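Trainee: Here is the input, now give the coordinates:
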Amino acid sequence: MSRVDAYDVIRRDALGGLDRKRLRPETDVEEIRDLVEQAVGVYQRRAHLGDAAPLAEPEGMVDRVVRSIIDFGPLTELLARRDVEEVFVEGARVSYLDGFGDLRGLAVPTSEEENRQIIERLLAPTERQLNTKYPLVQARVLDGNARLTAAIPPVADRLSATLRRYTVRDVTLADLVARDSMSDAAGAFLRAVMQARSRIAVSGEPGAGKTTLLAALLGAAPPGHCVRSCEEIRELAIALNHGGYYEVRPPGLDGTGEITLRDLVKFVLAMRPDRIVVGEVRGAEAFELSRAVNAGCGFLCTIHSNRAADALHALVNASLMAGENVTERVMRNVFSESLDLVVHVDREDARRSDGDRTRRQVMEIVAVLPALGDDFTVEPIFVRERLGSPLLWTGAMPERLESRFGRTLGPGDSLRLLVERAGGRP
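Mentor: Reported below is the predicted structural model:
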């Protein structure tokens, strides 16, 4: 019998005793350790009778099984590492992205059964379930510090899960400038724009740093602004002086009680916010964002796209999912009039020559202008030719932006002068 088989046998024996004695991993740690030691002892006695190879290090097996029951098994040390941002589980295989963006496999062997139980332990403090009735689940786990997305058969061919650690904290625009995510001039420009009720979409691929930039923009808003943030799974953790955070709720066991992202946006619009924040716009909630203009409030949102121009079309397509009997042209005109800027971010996955971690940078900041014809009209304000090259000011500063946001500056000042003072050169 292999070491993996021995581990499974001992672990199942211990879990059976756990159920019989109704022990709780959260509180009955010593009793559980005693139970595991007994299971290891039973295994060793059977092994010496010739049923299997005895364990060379029984204490090590005790520690491993106890950790699998009271913590997260072979994932315990991995989840404690601050440099691990994402963990992937596919059946019995576990891999993760390290701080350099390299994909690595977990050295400790696991089984799909154990990985499934680890996922269920992660979900235990939440109201979410993963079973044949609910084979898909998303939840905030690890005290709200990570997002778990998991699927099991019949939706998936095996257990499939992604655990994404949140690295978004009190990051500022100045921090992003220091990391070379953006230039001084771009940082000064965005800080000025955030002083009014601006409407900004942050676009990019998954993992490009959209939520980090969203947090930095939010931190630049006036402290007296009322901010209402709506997310499917909460990622933002910025302290708000005025406002609150809202999270969707899946349907209950009876199929009722669901609260969607669209429901949340409609709800907070009635609370007279200065700004609405929507994480990951993907559907009908985009239509409600278009109503923010009539409510007189600004908004921030993130959306998946490959470039800034694509983000605008993605917003229109998402808004059409609301089924409100509006045309693509109407929604394009609405967003052309309501949206001020799109900020696009990207990431570099390969290990850099300086050994630093994955690079995430603002690639372009474009102004959205009134639509001309059958497409959006945009004007680039800042552009980066490629990852690692400078983020340069194009010299453009549309009058529409100056008239909307120049008033937040001092007498005689302007966005153009502000960018020039910050080192922007066309």
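
Trainee: And the helices in the stretch 1-150 of the chain?
Mentor: Along the stretch 1-150 of the chain, counting by DSSP state H, counting those that start in this stretch, helices occupy 3-21, 29-48, 58-70, 76-80, 112-123.

Trainee: got these as JSON lines, with mean neighbour count, mean pLDDT and distance to L103 columns?
Mentor: For every residue, glycine as well, the C-beta is placed using N, CA and C. Shown next, in JSON lines, are these (neighbours: other CB atoms under 10 Å; pLDDT from 0 to 100; distance: least, CB to CB, whole Å):
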{"stretch": "helix 3-21", "mean neighbour count": "16", "mean pLDDT": "81", "distance to L103": "23"}
{"stretch": "helix 29-48", "mean neighbour count": "17", "mean pLDDT": "89", "distance to L103": "33"}
{"stretch": "helix 58-70", "mean neighbour count": "18", "mean pLDDT": "87", "distance to L103": "24"}
{"stretch": "helix 76-80", "mean neighbour count": "15", "mean pLDDT": "86", "distance to L103": "13"}
{"stretch": "helix 112-123", "mean neighbour count": "19", "mean pLDDT": "90", "distance to L103": "17"}
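
Trainee: For L173, find the nearest of those.
Mentor: Using CB to CB as the measure, helix 76-80 is the one of the helices of the stretch 1-150 of the chain that comes nearest L173, at 30.4 Å.

Trainee: Could you give the separation of the longest strand along the chain from the chain centroid?
Mentor: The strand that spans the most residues within the chain, counting by DSSP state E, is strand 359-372. Its chain's C-alpha centre and that of strand 359-372 lie 21 Å apart, by CA atoms, centre = their mean, to the nearest Å.

Trainee: And for stretch 233-246?
Mentor: Taking CA atoms, centre = their mean, one finds stretch 233-246 lying 14 Å from the centre of the chain it belongs to.

Trainee: Any idea how far apart the tips of that stretch sit?
Mentor: End-to-end span of stretch 233-246 (CA to CA, to the nearest Å): 9 Å.

Trainee: now do stretch 216-230
Mentor: Terminal-residue distance, stretch 216-230 (CA to CA): 17 Å.

Trainee: Same question for stretch 190-206.
Mentor: From its first residue to its last, stretch 190-206 covers 22 Å (CA to CA).

Trainee: returning to that earlier point: so for the longest strand of the chain, what gets flagged as buried?
Mentor: R359, R360, Q361, V362, M363, E364, I365, V366, A367, V368, L369, A371 (16 or more other CB atoms under 10 Å).

Trainee: quick one, phi/psi of the residue in the chain sticking out farthest from the centre?
Mentor: The outermost residue of the chain, judged against the average C-alpha position, is L49 (52.6 Å), by CA atoms, centre = their mean. Reported as degrees, to the nearest 10, the phi and psi values for L49 are phi -80, psi 0.

Trainee: chain center to the helix or strand hosting C301, what's the gap?
Mentor: Taking DSSP states H and E as the definition, C301 sits inside strand 298-304. Mean-position distance between strand 298-304 and its chain equals 14 Å (CA atoms, centre = their mean).

Trainee: do the same with stretch 141-154
Mentor: Relative to the chain's own centre, stretch 141-154 is displaced by 12 Å; criterion: CA atoms, centre = their mean.

Trainee: Dump that stretch to CSV, keeping only the CA atoms.
Mentor: Only the C-alpha atoms of stretch 141-154 are listed here, as CSV (Å, rounded to 0.1, in the frame of the first residue of the first chain):
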residue,chain,number,x,y,z
VAL,A,141,-13.9,32.7,2.0
LEU,A,142,-11.0,32.9,4.3
ASP,A,143,-12.5,35.7,6.4
GLY,A,144,-13.5,37.6,3.2
ASN,A,145,-9.9,37.6,1.9
ALA,A,146,-10.4,35.3,-1.1
ARG,A,147,-13.0,34.4,-3.7
LEU,A,148,-13.8,30.8,-4.4
THR,A,149,-15.4,29.6,-7.6
ALA,A,150,-16.2,25.9,-7.8
ALA,A,151,-18.0,23.4,-9.9
ILE,A,152,-18.7,19.6,-9.6
PRO,A,153,-20.5,17.0,-11.7
PRO,A,154,-22.9,17.0,-13.5
